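> turn this into a structure:
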Amino acid sequence: MAHNDDFQDEIGNNHIATNAKNPLRKDAFDLSDEKKIESIKKDVESILTTLGMDLTDDSLSGTPNRVAKMFVKEIFGGLSPLKKPKNSTFANNYKYGEMLVEKNITVYSTCEHHLLPIVGRAHVAYISNGTVIGLSKMNRIVDYYAKRPQVQERLTMQIVQELQIALGTDDVACVIDAKHLCVNSRGIKDIESSTVTSEFGGKFKDEHTRREFLDYIKLDTKF
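So this is what the prediction gives:
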């Protein structure tokens, strides 16, 4: 058991992903949101009580319920397939054939190893092969996949894969630059560092096209 605990700590402390998909059980959606909130509320009460907090205090009495609702309805809401954004696509009637870049999309996610925030920016691009997608949908795709217990590499891949399916092209790219509070506020406590991940599909694997994208987003990192 000790060896297994050490291994799991090593995975978490080094932020290693063990699954390209979010690891969900088959019964993940058997409970209603209301039942999930009620169960999580009791768990939060137990955690705070174990820590010695007085839940009769007015400031703390509503905390378990607030945290439970936040988990289910907000920061982990992207786990529910019912909340997946509808990807409205349109014919590229104006024949725009160059790169389209949506940069500085706000990313709020949660590290699945310590349940601490990941905060940063996503930069997404695609080259149309006859189909375009509404600009706000790109933001919504980022937000949907971010609202899960995540690792940044997986999030980057999921954004690209979702857009590739919606647009019917491999020519999609995503770069995320984010701070992980599990690095910034605990462990090494390095408040300056950030993590950059990328996923390049289709034409973006070409060095010239990739460099054009990186120049648009003003990112000097070499890939």
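
> the residue lying closest to residue 31 once chain neighbours are set aside in helix, strand or coil?
Closest residue to residue 31 apart from its sequence neighbours, by Cβ to Cβ, 6 or more residues apart in numbering: residue 39 at 7.4 Å. C-beta here means a position set from N, CA and C on the backbone, and glycine is covered the same way. Secondary structure state of residue 39, per DSSP: H, G, I helix; E, B strand; the rest coil, is helix.

> tally of neighbours for residue 212?
Other residues near residue 212 come to 15 when the count uses other Cβ atoms under 10 Å.

> could I get the pLDDT score of it?
With respect to pLDDT, residue 212 scores 96.

> stretch 173-189: which residues count as buried?
173, 174, 175, 176, 177, 178, 179, 180, 181, 182, 183, 184 (16 or more other Cβ atoms under 10 Å).

> quick check: phi and psi at the fourth one.
Translated: residue 176. Note on residue 176: its backbone torsions stand at phi -120, psi 130 [degrees, to the nearest 10].

> what distance do you get for it to residue 198?
Distance of residue 176 to residue 198, computed by Cβ to Cβ, to the nearest Å: 8 Å.

> overlap in contacts of the two?
Taking Cβ atoms under 8 Å, 6 or more residues apart in numbering as the criterion, residue 176 and residue 198 both touch residue 156.

> quick check: mean pLDDT of the biggest strand by length in the chain?
As assigned by DSSP state E, the longest strand anywhere in the chain is strand 99-111. The average pLDDT within strand 99-111 is 97.

> for stretch 30-39, same thing?
97.

> next one: it to chain centre, how far?
Taking the mean of its C-alpha atoms, stretch 30-39 sits 23 Å from the chain's own mean (Cα atoms, centre = their mean, to the nearest Å).

> residues in contact with that stretch?
For stretch 30-39, using Cβ under 8 Å, 6+ apart, the contacting residues are 65, 68, 69, 71, 72, 73.

> which of those residues are buried?
By 16+ other Cβ under 10 Å, these give 68, 69, 71, 72 as buried.

> and the two most separated of the residues you listed?
Taking Cβ to Cβ, the two most distant members of the buried ones among the contacts of stretch 30-39 are 69 and 71; they sit 7.3 Å apart.

> quick one: the helices in this structure?
2-13, 33-50, 58-61, 63-69, 135-146, 152-167, 181-184, 207-216 (DSSP state H).

> for the residue nearest to the spatial centre of the chain, which residues are in contact?
The centroid of the chain falls nearest to residue 146 when counting by Cα atoms, centre = their mean (2.3 Å). Residue 146 sits next to 78, 107, 108, 109, 118, 155 when contact means Cβ under 8 Å, 6+ apart.

> hmm, try it at 10 Å
Shown in contact with residue 146 (Cβ atoms under 10 Å, 6 or more residues apart in numbering): 75, 78, 105-110, 118-120, 122, 152, 155, 158-159, 176, 178.

> also residue 22?
With contacts defined as Cβ under 10 Å, 6+ apart, the neighbours of residue 22 are 28, 78, 79, 112, 145, 148, 149, 150, 151, 154, 155, 158.

> just the buried residues of these.
78, 79, 112, 145, 148, 149, 150, 151, 154, 155, 158.

> could you check how far residue 44 is from residue 51?
11 Å.

> and the two? Which one has more around it.
residue 44 (18 against 7).

> grab the nearest non-local neighbour of that one.
Using Cβ to Cβ, 6+ apart, the nearest residue to residue 44 is residue 64, at 4.0 Å.
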